[in-house]
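Student: Build me a model from this:
(chains A and B)
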Amino acid sequence: MLNVHGDFPEYAVPGAKQHRFEPYADNGGSIVAIAGEDYAVIGADTRLSTGFSIYTREQKKLFQLSARTVLGATGCWCDTLTLTRLLRARLQMYEQEHNKPMGTPAVAQMLSTMLYYKRFFPYYVSNVLAGLDADGRGCVYSYDPIGHCERSTYRAGGSAGAQLQPLLDNQIGLKNMQNVTEAPLPREKALALIKDVFISAAERDIYTGDSIYILIITADGIQEEKFDLRKD
Amino acid sequence: MAFMGDMMNPAPFWQNGPAPGAFYNFPGNSASFGPGSHTVQEFKAHSASPITTTTTVIGVKFDKGCVIAADMLGSYGSLARFRDCPRVTKVNDLILLGNGGDYADYQYLKSIIDQKIIDEQCIGDGLQLKPRSLHCWLTRVLYNKRSKMDPLWSNYIVAGIQDGEPFLGTVDKLGTAYEDAAIATGLGAYMATPLLRDAADKGPLDQESAKALVRKCMEVLFYRDARSFWRYQLGVVTAAGVTIDEPTDLKHDWSLAHMIEMV
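Tutor: Coordinates of the predicted model:
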């Protein structure tokens, strides 16, 4: 049976579609964090999107948890909001109970526990935690949505994470390079690398762009920097 | 061989258990909400799909406040059923609220918000709910409902004056929330936001230009969105308070419609 134009068989018409409720959304966004000898830098883009439309071009995705810990979180934005709010509440309770802020490795462990608590209805969030550990060294922790936690020196996460990580592996991890000697990464180089890496991400990933915020965590405090990316 | 049952879709080993050769889905996992899985959650999902719906709501900030507009149609599927559905409302002197989505869900939450305001006035300390607080509260309500797999099918735009500064934020049915200078929900995200952002990026708007801009967006949306309507409400919030205009009728002209040829 053909329709009015006679060129479109009826079986090609999609049937009535039942609209099911989907509790998760992919709101995109990327994070990159690098740990140095006495600093950690973490950057995240500011584009919040869904499908082919951009919700806003100026959404900060870095959450300052204490004077030496910053969390970058992207993915399902409603879960991000809930997770970070809960995290902040628990950090405040810890601080008032113990009269000191929680250290970065402890925050890292707590985040892992909080994610796993929701194992069977997970927070659909890609987390990268950066900060200084008890010895004042930079540290980066990365997670999967259900709480697997790993400490590393550099990590890319979020929608362009898979594209950025190999670049970091090469530039910081010195992977697939010959005749190179490992040397501590200067802060300026880490900063320049984050910018370069995000420029590349904005070229290839439609969910990354607009601008990035970079937080530089040192023993003296946290510095913020903004850097523009392409907005298309 | 009838006793062998369906070879391609074998029966589960036990009640709600895995079938031979199939993966077991833990209860509460999203995979167990598919058709053919009989879980308790299915009976709880009252509003898993919207019934009487409203379309786009748009909001934009200007130098001293915000404008919100939305048309007054309540659609029943493709039927333009209810023609007098107000969904731009004053919450208090600081907050203007706009909504789109399931109209019943909106009426439900509106009654709760109204009661909150009454309770607050009864305290009589002169304090008023501020827009950021309402925005945050809506985030929590909608997120909790989505986590129960029983969402309130709504988009909200909260406009207001937060400590003297204009505030414009939105929340959707999942609890996804953000603030921006220009917001449009639903189909308006594709057709109105480009217009709103373009104007907002050119420099700060004043009240009159913001209203004119929003009226232009409503016109564009009326011509292109099949679920839109010619009667709409427009509300403004400034430090002076909240005003919602009487419903306005769009002047539309379809005389050029015959020029459009679908190939």
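Student: Could you check how far the residue nearest to residue A:117 when sequence neighbours are not counted is from residue B:240?
Tutor: Ranked by C-beta to C-beta, 6 or more residues apart in numbering or on different chains and with sequence neighbours excluded, the top spatial neighbour of residue A:117 is residue A:147, at 7.9 Å. All C-beta atoms are positioned from the backbone trio N, CA, C, and that covers glycine. Per C-beta to C-beta, to the nearest Å, residue A:147 is found 50 Å from residue B:240.
Student: check which helix or strand covers residue 167.
Tutor: Going with chain A. Take DSSP states H and E as the rule and residue A:167 turns out to sit in helix A:161-171.
Student: Correction: the question concerned chain B.
Tutor: With elements taken from DSSP H and E, the one containing residue B:167 is strand B:165-171.
Student: returning to that earlier point: give me the average confidence score over the helix holding residue A:167.
Tutor: On average, the pLDDT along helix A:161-171 is 96.
Student: can you check stretch A:67-82 too?
Tutor: Across stretch A:67-82, the average pLDDT comes to 97.
Student: Indicate whether it makes contact with chain B.
Tutor: Yes. Stretch A:67-82 lies within reach of chain B by C-beta under 8 Å from any C-beta of the partner chain, at A:76, A:77, A:78, A:81, A:82.
Student: Now, those that are in helices?
Tutor: Among these, the residues falling in helices (DSSP state H) are A:77, A:78, A:81, A:82.
Student: all strands of chain B, in order?
Tutor: Defined through DSSP state E, the strands belonging to chain B, from first to last, are B:52-54, B:57-62, B:65-71, B:74-76, B:79-82, B:88-92, B:95-102, B:154-162, B:165-171, B:177-179, B:182-184, B:231-238, B:241-244, B:248-249.
Student: thinking again about what came up before, packing partners for the strand holding residue B:167?
Tutor: strand B:57-62, strand B:65-71, helix B:131-147, strand B:154-162, strand B:177-179, strand B:182-184 (3 or more C-beta pairs under 8 Å, 6 or more residues apart in numbering or on different chains; DSSP states H and E).
Student: Centre-most residue in chain B?
Tutor: residue B:155 (1.7 Å; C-alpha atoms, centre = their mean).
Student: Which residue, neighbours along the chain excluded, lies closest to that residue?
Tutor: Looking at residue B:155 with C-beta to C-beta, 6+ apart, the closest residue is residue B:185, at 3.9 Å.
Student: list the contacts for the one you found?
Tutor: B:56, B:57, B:58, B:100, B:155, B:157, B:170, B:172 (C-beta atoms under 8 Å, 6 or more residues apart in numbering or on different chains).
Student: distance of residue A:118 from residue A:170?
Tutor: If you measure residue A:118 against residue A:170 using C-beta to C-beta, the figure is 35 Å.
Student: of the two, who's got more company?
Tutor: Neighbours per residue (other C-beta atoms under 10 Å in any protein chain shown) separate residue A:118 from residue A:170, with residue A:118 holding more: 17 against 12.
Student: Which pLDDT value belongs to that one?
Tutor: The per-residue pLDDT reported for residue A:118 equals 97.
Student: next one: residue B:17
Tutor: Confidence for residue B:17, expressed as pLDDT, is 73.
Student: Give me the neighbour count for it.
Tutor: Around residue B:17 there are 10 residues (other C-beta under 10 Å).
Student: For residue B:196, see how far away the closest residue to residue B:197 other than its chain neighbours is.
Tutor: Distances taken as C-beta to C-beta, 6+ apart place residue B:182 nearest to residue B:197, at 5.2 Å, with adjacent residues excluded. As defined by C-beta to C-beta, residue B:182 lies at a distance of 4 Å from residue B:196.
Student: any residues in contact with both of these two?
Tutor: Residues within reach of residue B:182 and of residue B:196 at once, by C-beta under 8 Å, 6+ apart, are residue B:60.
Student: Burial check on residue B:239, number of neighbours?
Tutor: Using other C-beta under 10 Å, residue B:239 is surrounded by 12 other residues.
Student: where along chain A do the strands fall?
Tutor: Counting by DSSP E, one finds strands in chain A at the ranges A:30-35, A:39-45, A:48-50, A:53-56, A:62-66, A:69-75, A:125-132, A:138-143, A:149-152, A:154-158, A:211-218, A:221-228.
Student: Dump those strands to TSV, plus mean neighbour count.
Tutor: Formatted as TSV, the entries for those read as follows, by neighbours: other C-beta atoms under 10 Å in any protein chain shown:
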stretch	mean neighbour count
strand A:30-35	30
strand A:39-45	28
strand A:48-50	22
strand A:53-56	19
strand A:62-66	20
strand A:69-75	27
strand A:125-132	27
strand A:138-143	25
strand A:149-152	15
strand A:154-158	27
strand A:211-218	22
strand A:221-228	13
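Student: Looking at the ones you listed, spot the one closest to residue A:22.
Tutor: Go through the strands of chain A one by one with C-beta to C-beta and the one that ends up closest to residue A:22 is strand A:48-50, at 11.4 Å.
Student: Now tell me what touches the closest one from outside.
Tutor: Contacts made with strand A:48-50 from outside it, assessed by C-beta under 8 Å, 6+ apart, are listed as A:25-29, A:54-56, A:59, A:77, A:206-207, B:176, B:178.
Student: now stretch A:183-191: mean pLDDT?
Tutor: Averaged across stretch A:183-191, pLDDT comes to 96.
Student: Can you list the buried residues in that stretch?
Tutor: Neighbour counts using 16 or more other C-beta atoms under 10 Å in any protein chain shown place A:185, A:187, A:190, A:191 of stretch A:183-191 among the buried residues.
Student: hmm, which of the ones in helices among the residues of stretch A:67-82 next to chain B are the buried ones?
Tutor: Buried residues within those, defined by neighbour count using 16+ other C-beta under 10 Å: A:77, A:78, A:81, A:82.
Student: give me the beta-bridge partners of the residue nearest the centre of chain A?
Tutor: Here the mean C-alpha position of chain A is nearest to the C-alpha of residue A:31 (C-alpha atoms, centre = their mean), at a distance of 3.5 Å. Counting by DSSP bridges, residue A:31 forms beta bridges with residue A:44, residue A:157.
Student: any chance of the helices and strands packed on strand B:165-171 in JSON lines, with mean pLDDT too?
Tutor: Rendered in JSON lines, the data for the helices and strands packed on strand B:165-171 read as follows (pLDDT from 0 to 100):
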{"stretch": "strand B:57-62", "mean pLDDT": "98"}
{"stretch": "strand B:65-71", "mean pLDDT": "98"}
{"stretch": "helix B:131-147", "mean pLDDT": "98"}
{"stretch": "strand B:154-162", "mean pLDDT": "98"}
{"stretch": "strand B:177-179", "mean pLDDT": "98"}
{"stretch": "strand B:182-184", "mean pLDDT": "97"}
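Student: re the thing from before, residue A:123 is in contact with the residue nearest to residue A:117, correct?
Tutor: No. The pair formed by residue A:147 and residue A:123 falls short of the contact definition of C-beta atoms under 8 Å, at 9.2 Å.
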